[in-house]
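Visitor: show me how the following folds:
(chains A and B)
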There are 2 protein chains.
Amino acid sequence: MGLEDLAREAVEGAVANAKVDLKKIDAVFVASKASGSFNNQRHINALVSSFFSHNPPATRIEGACASGGLALIAAEQSLLSKENQTVLVLGVEKMTDVDGVGATSILSTAASTQLEGGSTFPGLYALLAQAHQLEFKTSREILSAVSVKNHRHALTNPLAQYHKEFTLKQVSNSALVADPLRLLDCSPVSDGASAVILTTKNIKNKAQIIGAGHGQDSLDLAHRKSLTELAATKRAAKKAFASSDLTPNKIEAAEVHDCFTIAEILAIEDLGFFPKGGGGKATLEGKTERRSKLVVNGSGGLKAFGHPVGATGVKQVSYLAEQIEKGECGLALAHNVGGSGATAVVHILSK
Amino acid sequence: MGLEDLAREAVEGAVANAKVDLKKIDAVFVASKASGSFNNQRHINALVSSFFSHNPPATRIEGACASGGLALIAAEQSLLSKENQTVLVLGVEKMTDVDGVGATSILSTAASTQLEGGSTFPGLYALLAQAHQLEFKTSREILSAVSVKNHRHALTNPLAQYHKEFTLKQVSNSALVADPLRLLDCSPVSDGASAVILTTKNIKNKAQIIGAGHGQDSLDLAHRKSLTELAATKRAAKKAFASSDLTPNKIEAAEVHDCFTIAEILAIEDLGFFPKGGGGKATLEGKTERRSKLVVNGSGGLKAFGHPVGATGVKQVSYLAEQIEKGECGLALAHNVGGSGATAVVHILSK
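Guide: Here you go, the predicted structure:
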């Protein structure tokens, strides 16, 4: 499937699932990180608008791997502005039109080219992992436990890219990519698309977005105040919790941005689920496993579900909405990060 | 100057001119068509957010050469949503980090790769020019008159890329690029940035945005209903005029998207300034010249002011706001197009 096929399948699925009249889509927001480089196709807002015979206004949003979350924020503001009543948000990325080296190189344009040019994302996250290890004795076993759990979660998700269980030992012994990160610490190159329909109308049995936040930090690591937390996540979470009048202990399911295993540890601490430095222990104790009080990355996460970069933020919300609509949970949180943490978006969903 | 230098100069200029406290910027919207390919730098929302010590939420918007107009629309919706009170919109493109062939190739990713792959924008606009010539006998002299006028207008604009007058003969005899378009029918490759600050507060002696519209059409030419008009422009204009309760004959200054001379003829017809097929005659009669009832592209337009693609839509509004604030005109219109016309944004400004 090509870029357009992926986009079309997601849009058609969302429209069918929401049982919306196509003509009622007032506007479209398209998230993609790098279709210009992966597929030589920019201006995909116009491409997607043409899926609808009435050619609704469409806008493409990019903020690296947080493109999906940012597109949701823009869509929500367009609804709150009363310019629109019903909008579609599509995230899409077709990454395998280039080879692995090409993909790594395209992805690295989300770091600071001036200050971090030549770095790759495994390399930048390895620095965050090393800082966390130094300060909190975060062990090899902790990182592996994240991967093992997320691969186990993906086994029951038919949409996941991988349906394969790994042992702690297999993860710990997988090929070294950027010390301490190994192959099975890294999310894969993925093709995928996800679409959701947001409306200001009250619709029975559909999940609601009850809180949202968007935070930023320095694009490059050198100007961050700390390497053991993502300040952008904390800012986004603070706003999302404040707007929904909730606290982290109420959340039952969270999809967090585990582009690398260390990123999940950072996320569950920065989101306030566990104290700083306590995320690893909680993970080893199974506190983020399915059927615990808080399930983290029940979908399989970026690690095992896959990470079609521009689609991920939309897919997190789409997955959690389905969980809520099936009665699997009541309150859920989606956490989407761009780059090495310069952009973060948090959404809170409820019944 | 590099990408970041250009962006910083525009942001600092806008902040100084608006006399806003930096801390009062609630959010930032960044328009760029292709910084990922021109400068290997995506995720520039985070880069620009870091210009401010409080790291406001920032979003990058892309819709080919209409990126600037779309960023303004998203910023306006964020203000109408009451999420923000004061926002900054920056458009930036640094195109000369690659050579001319590279730039043409990057720009062409805004056309339909699947249906028009291998085409260049001069080639696609040449098809529109041929259709217009066939239907309305649009002469070589008409196209040249657009270029001559816009180059003359640019002479008095210190920010313009070119300060050089051309005769009709010089334009008509310039190198053939894509029949009938010649070198002096084409806007140049440009580096540039432009920033504006939008606020819901009522500020004395500052221009106001009183109408906005955003329209789409098929990404590729093959699926358009007509090749002698841009339906997206007509849709955007209809909405902008309706929202401002104005008619085209009230507009005194218009910045229209003259990426090629034929595009200005299409624009002044599709925007309702002149009847379809009458734009060429009006141009020859000097009806779009400075000091006429309606001045079109007083800045020099994309042709002579320059066309740093992601910045253009912001620059049009910034230029017109300055004209209004100087008392040069009372009502003004900005018209920004993406690709060969699949996306269009129209803004109407007043005192």
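Visitor: direction included, what does the one helix or strand residue A:333 maps to pair against?
Guide: Using DSSP states H and E, residue A:333 sits in strand A:331-338. Applying DSSP bridges, strand A:331-338 is found paired with strand A:253-255 (parallel), strand A:343-350 (antiparallel).
Visitor: any chance of those strands in TSV, plus mean neighbour count and distance to residue B:308?
Guide: Yep, even glycine has a C-beta here, placed from its N, CA and C like the rest. Below are those laid out as TSV (neighbours: other Cβ atoms under 10 Å in any protein chain shown; distance: least, Cβ to Cβ, whole Å):
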stretch	mean neighbour count	distance to residue B:308
strand A:253-255	27	38
strand A:343-350	28	24
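Visitor: same list (the ones you listed) but as CSV, adding mean pLDDT.
Guide: Converted to CSV, those look like this (pLDDT from 0 to 100):
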stretch, mean pLDDT
strand A:253-255, 98
strand A:343-350, 98
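Visitor: return the residues of the stretch 51-200 of chain A in contact with chain B.
Guide: Residues of the stretch 51-200 of chain A that fall close to chain B, judged by Cβ under 8 Å from any Cβ of the partner chain: A:55-64, A:70, A:73-74, A:76-83, A:106, A:109-114, A:117.
Visitor: show me how to select, in PyMOL, the buried members of those.
Guide: Selection of the buried residues among those in PyMOL, burial being defined by 16 or more other Cβ atoms under 10 Å in any protein chain shown:
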select buried, chain A and resi 55+56+57+58+59+60+61+62+63+64+70+73+74+76+77+78+79+80+81+83+106+109+110+111+112+113
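Visitor: looking from chain B, tell me which residue of the stretch 251-351 of chain A is nearest.
Guide: The minimum distance from the stretch 251-351 of chain A to chain B, using Cβ to the nearest Cβ, falls at residue A:342 (3.5 Å).
Visitor: how many neighbouring residues does the residue nearest to that residue when sequence neighbours are not counted have?
Guide: Nearest non-adjacent residue to residue A:342, counting by Cβ to Cβ, 6 or more residues apart in numbering or on different chains: residue B:46, 3.5 Å away. Residues near residue B:46, counting by other Cβ atoms under 10 Å in any protein chain shown, number 31.
Visitor: can you map out the strands along chain A?
Guide: Taking DSSP state E as the criterion, chain A carries its strands at A:27-31, A:58-62, A:86-94, A:176-178, A:181-182, A:191-199, A:208-216, A:253-255, A:295-296, A:331-338, A:343-350.
Visitor: and residue A:141, what does it touch?
Guide: The contact partners of residue A:141, taken as Cβ atoms under 8 Å, 6 or more residues apart in numbering or on different chains, are A:168, A:172, A:284.
Visitor: hmm, which of those residues are the buried ones?
Guide: Those of the contacts of residue A:141 that meet the buried threshold are A:168, A:172, A:284, by 16+ other Cβ under 10 Å.
Visitor: grab the nearest non-local neighbour of the first one.
Guide: The spatially closest residue to residue A:168, leaving aside those adjacent along the chain, is residue A:144, at 4.5 Å (Cβ to Cβ, 6+ apart).
Visitor: how about the second one?
Guide: Taking Cβ to Cβ, 6+ apart, and ignoring the residues beside it in sequence, residue A:172 has residue A:144 as its nearest neighbour in space, at 4.8 Å.
Visitor: what's the separation between that neighbour and residue A:283?
Guide: Plainly put, residue A:144 is 10 Å away from residue A:283 if you go by Cβ to Cβ, to the nearest Å.
Visitor: repeat that for residue A:313.
Guide: 23 Å.
Visitor: am I right that residue A:51 is in contact with residue A:11?
Guide: Yes. Using Cβ atoms under 8 Å, residue A:51 is in contact with residue A:11, at 5.4 Å.
Visitor: which one's more surrounded, these two?
Guide: residue A:11 (23 against 20).
Visitor: contacts only, for that one.
Guide: A:48, A:51, A:88, A:90, A:195.
Visitor: does the first one touch residue A:90 like I think?
Guide: Spelled out, that is residue A:48. Yes. With contact defined as Cβ under 8 Å, residue A:48 and residue A:90 form a contacting pair (5.9 Å).
Visitor: neighbour-wise, which of these two wins?
Guide: Comparing residue A:48 with residue A:90 by other Cβ under 10 Å, the one with more neighbours is residue A:90, at 30 against 27.
Visitor: what's the pLDDT at the more buried one?
Guide: On pLDDT, residue A:90 comes in at 98.
Visitor: check the closest residue in space to it that isn't next to it in sequence and give its pLDDT.
Guide: Excluding the flanking residues, the one nearest residue A:90 by Cβ to Cβ, 6+ apart is residue A:195, at 4.4 Å. Looking at residue A:195, its pLDDT stands at 98.
Visitor: please apply the same query to residue A:19.
Guide: At residue A:19, pLDDT is 86.
Visitor: ok, now the one 10 residues further on?
Guide: Reported pLDDT at residue A:29 in the predicted model: 98.
Visitor: residues contacting it?
Guide: Contact analysis of residue A:29 by Cβ under 8 Å, 6+ apart lists A:58-61, A:71-72, A:74-75, A:78, A:87-90.
Visitor: looking at those, which is nearest residue B:27?
Guide: residue A:74 (10.5 Å; Cβ to Cβ).
Visitor: measure residue A:189 to residue A:257 for me?
Guide: Per Cβ to Cβ, residue A:189 is found 16 Å from residue A:257.
Visitor: more neighbours: which of the two?
Guide: Ranked by neighbour count (other Cβ under 10 Å), residue A:189 and residue A:257 place residue A:257 first, with 30 against 21.
Visitor: ok, for that one, nearest residue in space, not its chain neighbours?
Guide: Spatially, and ignoring its direct neighbours in sequence, residue A:257 is nearest to residue A:337 (3.9 Å; Cβ to Cβ, 6+ apart).
Visitor: pLDDT weak spots in chain A?
Guide: Nowhere does chain A drop to pLDDT under 70.
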